[in-house]
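# Structure of the sequence below:
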Amino acid sequence: MKIWLAVFLLFVTLPVSAAAIYKCKKPEGGFLYQEKPCAAETESVSSWQSRAATEVETDPANPGGNGVFIIGQGHNGHYFVDGAINDHFLTFAIDTGASVVSIPLGLANSAGLNCERRGAVQTANGVSSVCYVTIQKLTFGNFTLRNVEAMAVPNLSQPLLGMNVLKRFNIEQKNGQMSLTRQY
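Numbers count the residues shown, from 1 in each chain. Reported below is the predicted structural model:
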């Protein structure tokens, strides 16, 4: 009886710690959500880590928009995160070298984004014609942003999450993981 009481007291008095959920690719396709890290580096897509309730203030207008979002480093050292533009799902590459969110022109058209003005930008591949658009609702992880400026770029294959969004977060990278915490 004393042993059970000691075990019970141990669990009751332990401090509340953060719980992490990892999103991992399944070999046969699709995703698996689990509490332990993915088996292989290339299988890790992202994870969500919540903080203890006393550390995070819940905003009723944005439930779940708080906490730390953790992204596992993928192949070649890049970071990718699932998200959506106006409820059209996609996978962003985190790109601190991109000034603004950049999306393929076809994706912009299918998401109902209209060209507001045209321009030309200098990229690593040379000068490119772009169309500036406003994304009414951009989501990734457990965060939602409204009225985000973006560029619709022809011949772009991978949507890029650029600095106009990333500057709203504290970013830390270590041990093959990037954590994003919303700044308030």
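# Name the residues of stretch 140-153 that come out as buried.
140-143, 145, 148, 150-153 (16 or more other C-beta atoms under 10 Å). (Glycine included, C-beta is placed from N, CA and C.)
# can you tell me which of those residues are in strands?
140, 143, 145, 148, 150-153 (DSSP state E).
# Leaving aside the residues adjacent along the chain, what's closest to G83?
Leaving aside its chain neighbours, G83 sits nearest to F140 (3.3 Å; criterion: C-beta to C-beta, 6 or more residues apart in numbering).
# pull the helix or strand with minimum mean pLDDT from this protein.
When the helices and strands of the chain are scored by mean pLDDT, DSSP states H and E, helix 2-13 comes last with a mean of 36.
# Sheet-wise, list the partners of the helix or strand that contains V121 with their directions.
Using DSSP states H and E, V121 maps to strand 117-123. Here strand 117-123 has these sheet partners by DSSP bridges: strand 126-140 (antiparallel).
# The strand it pairs with: which residues count as buried?
For strand 126-140, by 16+ other C-beta under 10 Å, it's 128, 130-133, 135, 138-140.
# From those residues, pick the one nearest G83.
Nearest to G83, judged by C-beta to C-beta, of those is F140 at 3.3 Å.
# State the distance from the closest one to N125.
25 Å (C-beta to C-beta, to the nearest Å).
# Can you show me the helices along the protein?
Under the criterion DSSP state H, helices of the chain are mapped to 2-13, 105-110, 163-166.
# Identify all contacting residues around the last one.
So that's helix 163-166. 94, 96, 98-101, 138, 145, 148-149, 180 (C-beta atoms under 8 Å, 6 or more residues apart in numbering).
# Grab the nearest non-local neighbour of N170.
Nearest non-adjacent residue to N170 (C-beta to C-beta, 6+ apart): T181, at 4.5 Å.
# thought that neighbour was touching N142?
No - the pair T181 / N142 is not scored as a contact, 11.5 Å apart, by C-beta atoms under 8 Å.
# how about low-confidence regions in this protein?
Low-confidence segments of the chain (pLDDT under 70): 1-66, 184.
# so what's V148 up against?
101, 134-135, 138, 164-165.
# Try it again at 6 Å.
The neighbours of V148, taking C-beta atoms under 6 Å, 6 or more residues apart in numbering as the test, are 135, 138.
# what bridges to the nearest residue to N114 once chain neighbours are set aside?
Nearest residue to N114, sequence neighbours excluded (C-beta to C-beta, 6+ apart): V133, at 6.7 Å. V133 forms beta bridges with A150, as assigned by DSSP bridges.
# V133 reaches G112, doesn't it?
No - in this structure V133 lies outside contact range of G112 using C-beta atoms under 6 Å: 9.8 Å.
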